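[1] Kindly generate the corresponding structure for this input.
(one chain, ligands or ions: 2)
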Amino acid sequence: MLNGRCECGKVSFTVVNARNTVTICHCSQCRRTSGHLWASTYATFSDLAFLNQEGLEWYTSSETAKRGFCKFCGSSLFYRMNDELGIGIAAGCLESPTGLKLGKHIFVADKGDYDDIPDDGLKDETL
Ligand SMILES: [Zn+2]
Ligand SMILES: [Zn+2]
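    Residues are numbered from 1 along each chain as shown. Ligands and ions are numbered 1, 2, ... in the order given. Down below sits the predicted model:
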């Protein structure tokens, strides 16, 4: 089981059976909403249990997805496709040790021009 929370603690949760890899998205939307990168694991929504969701707010970021954040401290926490049963969970809000490994970089073509992604074979050039 993993524990996670926003910076101020007004959103906190536990999650079980999360994917054991972290995907780093370099798309422009993720860059803006996160401030740099959206690094996340993934779980079935029903495996996520909120301990506190007082601060949880959802931003409709496109016709197909929304992003969960804390309205008090601004932490980027979740990404959810409207038609999916799963939820992307920010790796940065999880308590260590997570046991997660870096999985892949996606939307690398959209990366910031200052960003130097290591050539470690983890870039998924199909996205
Ligand atoms: Zn917060
Ligand atoms: Zn993205």
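[2] unless I'm mixing things up, V108 is touching H26, no?
    Yes - here V108 reaches H26: they are 5.3 Å apart, a contact under CB atoms under 8 Å. Bear in mind the C-beta positions are built from the backbone N, C-alpha and C, glycine included.
[3] between these two, what contacts are shared?
    I117 (CB atoms under 8 Å, 6 or more residues apart in numbering).
[4] Neighbour count: these two, which is higher?
    Between V108 and H26, counted using other CB atoms under 10 Å, the more crowded position is H26 (21 against 18).
[5] Skipping its backbone neighbours, what lies nearest the more buried one in space?
    Nearest residue to H26 in three dimensions, chain neighbours excluded: K111, at 4.0 Å (CB to CB, 6 or more residues apart in numbering).
[6] repeat for K10
    Per CB to CB, 6+ apart, closest to K10 is G55, 3.2 Å.
[7] OK, contacts around the one you found?
    By CB under 8 Å, 6+ apart, G55 lies in contact with 6, 8, 10-11, 70-73.
[8] Quick check: the gap between it and K111.
    With distances taken as CB to CB, to the nearest Å, G55 is found 30 Å from K111.
[9] as a whole number, average confidence for stretch 104-122?
    Mean pLDDT, computed over stretch 104-122, is 92.
[10] I should have written stretch 6-16 there, sorry.
    98.
[11] is stretch 13-30 up against ligand 2 anywhere?
    Yes - with CB under 5 Å from the ion as the criterion, ligand 2 is reached by stretch 13-30 at 25, 27, 30.
[12] Among those residues, which one sits closest to ligand 1?
    Minimum distance to ligand 1 across the residues of stretch 13-30 next to ligand 2 is 19.2 Å, recorded for C30 (CB to the ion).
[13] Tally up the residues packed near the residue lying closest to A65 once chain neighbours are set aside, please.
    Nearest residue to A65, sequence neighbours excluded (CB to CB, 6+ apart): M81, at 4.9 Å. Counted with other CB under 10 Å, residues neighbouring M81 total 13.
[14] Kindly report the same for G86.
    Quick note: G86 (other CB under 10 Å) scores 16 neighbours.
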